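> A predicted structure for the sequence below; I have some questions about it.
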Amino acid sequence: MRKPKFVHKASLAFALLGLALTRPAPAATINVNPGDSIQAAVDAAASGDTIHVATGVYQEQVVVADKDLNLVGEPGATLKAPAAMTTSLTPVTTRRAVLGMLRSSANVSGLAFDGNRSGGANARLTGVYHLSASGTVSNCSFQGFRSVPRNLVGLGQREAAYIAANALAAGGPDVTHVEVLNSTFNDNEAGIVLIGDDTGANPNPEQLRQTFLLEGNRIIGIGVATNTYQFGVRINLGTSGQVRNNTIRDHLSSGNVAGLGMLGSAAVMVRDNPALRQNNPLTTQPVLVEGNTLVNNLCGINLLSADGSRAINNQIQGGGTETGFSNEGGVALSGNDVGAISNRISNSSIGINLVAGPQHGTASDATVMGNRISGSATPINEQPGVTGTKQSDNVIVDEFGFKPGAITRLANGTVQLTVQVPLLPRTYLLEASSDLMNWATVTNFVPGSLTEHELIDPDAAQFARRFYRVRTE
């Protein structure tokens with residue numbers, strides 16, 4: 001494999017008042033072309049240098065340790081998981097990372113990462129891992145960080161596209177900062193995982209170890225899968241920051257977790273690691289989840305034992321037909337001073353779920369304000385044991401209407417209509433008009449246990465034309 005070409009400008013030296021001073025060398029740009037080794041470029045670089053990766057596929061593992069670098073990819077520059085990977089960040093973690101960054105400040109932009117769906121051969125497959133390191137990942141893409149069929153073991157995900165942790169055992173700074181910006185994630189078991197340090201070597205896993213910003217990303221799950229659960233974003237203990245203006249969709253599968261029962265896939269989950277504490281979770285650092293668009297996920301936002309966390313101004317459209325998960329809800333909340341504010345939630349079996357119990361902790365002094373909830377059988381649910389909830393200005397909207405193609409004029413001139421309504425405790429009115437101005441009630445009904453109701457307009461034969469509407473009383 002060829003060594004990369006690089007240019008390093010000479011330093012300048014001059015004398016002033018009898019003292020010889022040397023100006024540090026300017027940062028170099030090291031070019032990597034197909035056939036070259038990115039790792040060789042990293043080894044040759046000095047802190048502050050930029051590794052420029054040309055278009056092509058590079059099938060290797062890369063580790064950046066104890067130096068500050070920028071890795072920049074041209075369009076089409078892809079770092080692909082090798083067939084047989086090593087645990088390149090041992091002894092701190094046994095994950096197999098395509099790109100690992102250790103005790104560094106490393107920024108990555110413009111690169112594509114391909115896991116090749118090789119989690120079966122490469123246990124704990126990971127795309128990019130900031131380990132006790134700071135830096136940004138921007139305008140990158142991640143795909144195929146999963147196993148097919150799934151490589152089941154223990155609890156939680158084995159494969160993830162991006163992970164950041166700040167482990168005491170790695171000997172890095174007290175607090176690191178990472179950002180993932182404007183990147184795409186597709187066909188991965190987990191998109192973004194932020195850990196802090198929940199290892200046994202840390203005597204205080206609740207302590208702040210990491211801050212973050214996740215903004216402008218598009219994260220697409222793998223849809224329905226068996227014996228698993230997925231997360232677009234998963235945030236554990238010791239990490240605090242913002243999840244803002246992302247689009248997250250299609251996380252629909254479920255898994256049976258001992259002590260938690262059925263756990264549903266979620267767009268965003270903030271919770272202590274269930275693999276370590278299935279019950280009585282420790283408390284996370286505050287997290288702000290704001291301005292995101294979440295579509296077709298089994299659960300939307302979980303802020304569980306997440307004191308001080310907020311879900312604000314998110315668009316949440318539920319997906320899937322399964323119910324009964326311990327983390328169910330467009331927004332599920334537990335912990336002290338948590339909040340769901342100004343969200344628009346639709347088609348979720350539970351709109352906002354205030355949770356109580358040993359599985360995920362208990363909500364207290366939660367703020368539920370200014371949310372618009374539609375198409376939910378239970379718009380706002382407070383489990384027994386929840387205390388101090390402050391509710392105001394929430395709007396509960398019935399989404400209902402006529403079943404397509406189900407308005408029929410019968411032989412006797414009457415009209416039969418099939419109306420679809422949610423199972424909410426409301427009285428509905430079927431009204432008719434011949435001029436769209438004057439409306440008369442045909443009949444009224446309550447849903448009971450049915451979402452579809454067949455109704456008859458016995459007076460329809462008297463009119464040349466007839467318009468219908470359904471509204472709540």
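Great, that's in hand.
> can you tell me which strand in the chain is longest?
Determined from DSSP state E, the single longest strand within the chain is strand 401-409.
> next structured bit after that strand?
strand 415-420 (DSSP states H and E).
> in terms of contact, does Gly232 touch Val268 like I think?
Yes. Using C-beta atoms under 8 Å, Gly232 makes contact with Val268 at a distance of 6.3 Å. Quick note: C-beta positions are derived from backbone N, CA and C, even for glycine.
> where do the contact lists of the two overlap?
Jointly contacting Gly232 and Val268 under the rule C-beta atoms under 8 Å, 6 or more residues apart in numbering are 248, 294.
> shaky segments in the stretch 101-250 of the chain?
In the predicted model of the stretch 101-250 of the chain, residues 150-157, 226-228 satisfy pLDDT under 70.
> all strands of it, in order?
Secondary structure of the stretch 101-250 of the chain (DSSP state E, counting those that start in this stretch): strands at 106-109, 112-114, 125-131, 135-138, 141-143, 160-165, 176-181, 184-186, 190-196, 210-215, 218-223, 231-235, 239-244, 247-251.
> Ala440: which of the ones you listed is closest?
strand 247-251 (43.2 Å; C-beta to C-beta).
> and the closest one, how far out from the chain's middle?
Averaging C-alpha positions (C-alpha atoms, centre = their mean, to the nearest Å) puts strand 247-251 7 Å from its chain's average.
> got the domain boundaries for the protein?
57-396, 400-472 (automatic domain parsing).
> In TSV: those domains, plus mean neighbour count.
Below are those laid out as TSV (neighbours: other C-beta atoms under 10 Å):
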stretch	mean neighbour count
domain 57-396	21
domain 400-472	14
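> export those domains to JSON lines and tack on distance to Ile38?
Rendered in JSON lines, the data for the domains of the chain read as follows (distance: least, C-beta to C-beta, whole Å):
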{"stretch": "domain 57-396", "distance to Ile38": "5"}
{"stretch": "domain 400-472", "distance to Ile38": "54"}
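> do you know which of those lies nearest Ala44?
That would be domain 57-396 among the domains of the chain, by C-beta to C-beta, at 10.8 Å.
> Between its first and last residues, what's the separation in that closest one?
52 Å (C-alpha to C-alpha, to the nearest Å).
> centre of the chain versus that domain, how much separation?
5 Å.
> quick one: contacts of the longest strand of the chain?
415-420, 452, 460, 468, 470.
> least confident pick among those?
Least confident entry in those, by pLDDT: Gln420, with 79.
> Pull the contacting residues for Ile163.
95, 97, 126, 128-130, 193-195.
> For Thr443, report the pLDDT, please.
pLDDT, Thr443: 92.
> Give the helix, strand or coil label for it.
strand (DSSP: H, G, I helix; E, B strand; the rest coil).
> Please verify my assumption that it contacts Leu455.
Yes. Thr443 is within contact range of Leu455, at 5.8 Å (criterion: C-beta under 8 Å).
> Can you check which residues contact both of the two?
Common neighbours of Thr443 and Leu455 (C-beta under 8 Å, 6+ apart) are Leu430.
> how about the residue nearest to Gln210 when sequence neighbours are not counted, what does it touch?
The shortest distance from Gln210 to any non-neighbouring residue, by C-beta to C-beta, 6 or more residues apart in numbering, is to Thr239 (4.1 Å). For Thr239, the contact set (C-beta under 8 Å, 6+ apart) comprises 164, 166, 194-196, 208-212, 284-285.
> Take these and write them to a markdown table, including distance to Ile220.
Below are the contacts of Thr239 laid out as a markdown table (distance: C-beta to C-beta, whole Å):
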| residue | distance to Ile220 |
| --- | --- |
| Ala164 | 21 |
| Asn166 | 28 |
| Leu194 | 19 |
| Ile195 | 22 |
| Gly196 | 26 |
| Leu208 | 31 |
| Arg209 | 29 |
| Gln210 | 25 |
| Thr211 | 26 |
| Phe212 | 21 |
| Thr284 | 25 |
| Gln285 | 27 |
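> Which residue ranges of the stretch 251-400 of the chain form helices?
In the stretch 251-400 of the chain, no segments count as helices under DSSP state H, counting those that start in this stretch.
> Looks like Arg146 contacts Asp187 (just checking).
Yes. Assessed by C-beta under 8 Å, Arg146 is found in contact with Asp187 at 6.6 Å.
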